[in-house]
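Undergrad: sequence first, predicted model second:
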Amino acid sequence: MKIVLLTQYYRPEMGAPQSRLYEMLRGLKDLGAEVSVVTAMPNYPEGRIFKGYRGKFSIREEVDGLDVKRYWLYASNSRKALPRIFSMLSFSFTSLFSLGFIRRRKPDILIVESPPLTLALSGWILARLSGSKLVSNISDLWPLSALELGAMSKGRLYRFLEKLETFVYSRSAAVLGQSQEIVDYISAGGHNSYLFRNGVDYSRFADIPVNRIGGDRKAIVYAGLLGVAQGILNICKSVDFGKLGLEFHIFGAGAEKEDIMEFISRNPDRGIVYNGVVKREEIPAMLKRYDAALIPLTKNIYGAVPSKIYEAMAAGLPIIFSGEGEGARIIQENKLGWVNHPTDMKQLEANIREFATSSIDEIRARGIELAQTTFNRPNQIGKLYVYLKSL
């Protein structure tokens, strides 16, 4: 089976989609598939094309044993809608130049990662012209997510994107959903859907010893994007970790990074530490240095389940989840930690206070068991391989 992945986001960028897609491809390759990647010049989350890739329209390279073809895009992490839209549209256009690269590989399946939704349309064109089956891999529902985030209203553009969404799903041999909510949404439209969760590769965590840094003080960690959707700055302002006898360690980059660093420098007694960016390979050992993971989402995005939940399970960390939706249900139903409404900072502080005085051995054991079984990514990739071969 020959597979080409079309995605705007890929390594060496940091982020959940980049890691998830890389591990999916590595797993499919290990099972015998021939896999290649068409992606953009790396630029995320800084919003600037990385050094070594600038000034080029396209480049071909081998990344971790995978054949990767990259194309230029207009890079932006602006909070304004227009530059971000142009960034998505630019790669949706330049990716079409990969037709020759794709045809030479004669793929059986072209998997396209959405969002951006416009790239799914490019995927349909490339699949049609290369004679391959289109499989849409949906990590967020667009335009519904944009509506829920307040980035779009139900006007002409929204209705157009809804029609584009339906068009892509109806012309896909299969639509993969990253959560049960996404699969339910797609199935309700009469489309062929398959649940392929993010999950976690527990083997990355298994042989790494626990090496807690907190001593007598428990330490909570957040590792990921530092943007408005995560709301880490507001949490820093709302919760005095130092007064609770705790430490809060932050890893990552994004639009709020500078404001967070400034707040920490002005409030050195609040028990907050910024540690820079952590690479994917360093995440298991890094997480095992802490006592709990804080995972926030400021707004409920239907279908969104942060991959950090699965990594926290594998590291044996209780989860303090500030958010709603399927992610909150996973934590509550499996008794993996504490949950609060994303706007309720008093309840978040109460949950953190409860964590500070609770025995967490049972939560750790449950998380590790789930990472080895229900949410084990290699097991899911094995089932996906069989499913793709059946299309």
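TA: Cool, the structure landed. Residues are numbered from 1 along each chain as shown.
Undergrad: how about the contacts made by residue 146?
TA: The contact partners of residue 146, taken as C-beta atoms under 8 Å, 6 or more residues apart in numbering, are 152, 158, 161. For the C-beta atoms, the positions are set from N, CA and C on the backbone; glycine is no exception.
Undergrad: from these, which is closest to residue 20?
TA: For these, the closest approach to residue 20 (C-beta to C-beta) belongs to residue 161, at 23.7 Å.
Undergrad: nearest residue to the closest one in space, please, no chain neighbours.
TA: residue 143 (3.9 Å; C-beta to C-beta, 6 or more residues apart in numbering).
Undergrad: on that earlier part again, between the contacts of residue 146, which is nearest residue 21?
TA: The closest of the contacts of residue 146, once distances to residue 21 are taken by C-beta to C-beta, is residue 161, at 22.9 Å.
Undergrad: that closest one against residue 141, yeah?
TA: No. Taking contacts as C-beta atoms under 8 Å, residue 161 lies outside contact range of residue 141: 10.7 Å.
Undergrad: mind listing what's buried along whichever strand or helix holds residue 35?
TA: Under the criterion DSSP states H and E, the helix or strand holding residue 35 is strand 34-40. Taking 16 or more other C-beta atoms under 10 Å as the basis for neighbour counts, the residues of strand 34-40 that come out buried are 35, 36, 37, 38, 39, 40.
Undergrad: so which other helices or strands are in contact with it?
TA: Using 3 or more C-beta pairs under 8 Å, 6 or more residues apart in numbering; DSSP states H and E, the elements in contact with strand 34-40 are strand 2-7, helix 16-30, strand 66-71, helix 99-105.
Undergrad: give me the mean pLDDT for the last one.
TA: On average, the pLDDT along helix 99-105 is 97.
Undergrad: same for that helix, what does it pack against?
TA: By contact count (3+ C-beta pairs under 8 Å, 6+ apart), the secondary structure elements abutting helix 99-105 are strand 2-7, strand 34-40, helix 117-130.
Undergrad: count the neighbours of residue 51 for me.
TA: With neighbours defined by other C-beta atoms under 10 Å, the count for residue 51 comes to 7.
Undergrad: endpoint to endpoint, stretch 71-82 covers what distance?
TA: End-to-end distance of stretch 71-82 (C-alpha to C-alpha, to the nearest Å): 21 Å.
Undergrad: for that stretch, what is the distance to the chain centroid?
TA: Taking the mean of its C-alpha atoms, stretch 71-82 sits 19 Å from the chain's own mean (C-alpha atoms, centre = their mean, to the nearest Å).
Undergrad: now do stretch 174-182
TA: Stretch 174-182 has its average C-alpha position 14 Å from the chain's average C-alpha position, going by C-alpha atoms, centre = their mean.
Undergrad: what comes up buried for it?
TA: By 16+ other C-beta under 10 Å, the buried positions in stretch 174-182 come out as 174, 175, 176, 177, 178, 179, 181, 182.
Undergrad: I'd guessed the fourth one sits against residue 189; true?
TA: Right, residue 177. No. Because the distance of 11.8 Å does not satisfy C-beta under 8 Å, residue 177 is recorded as not touching residue 189.
Undergrad: how about the CA coordinates for the worst-scoring helix or strand of the chain on mean pLDDT, as PDB?
TA: Least confident element among the helices and strands of the chain, by mean pLDDT, DSSP states H and E: helix 144-148 (a mean of 84). What follows is the C-alpha trace of helix 144-148 in PDB, where atoms were taken according to Å, rounded to 0.1, in the frame of the first residue of the first chain:
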ATOM      1  CA  LEU A 144     -17.900  24.900  13.000                       C
ATOM      2  CA  SER A 145     -14.800  25.500  15.100                       C
ATOM      3  CA  ALA A 146     -14.300  29.000  13.700                       C
ATOM      4  CA  LEU A 147     -17.900  29.800  14.600                       C
ATOM      5  CA  GLU A 148     -17.500  28.500  18.200                       C
END
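Undergrad: immediately after that helix, which helix or strand?
TA: Towards the C-terminus, the helix or strand next in line after helix 144-148, according to DSSP H and E, is helix 156-170.
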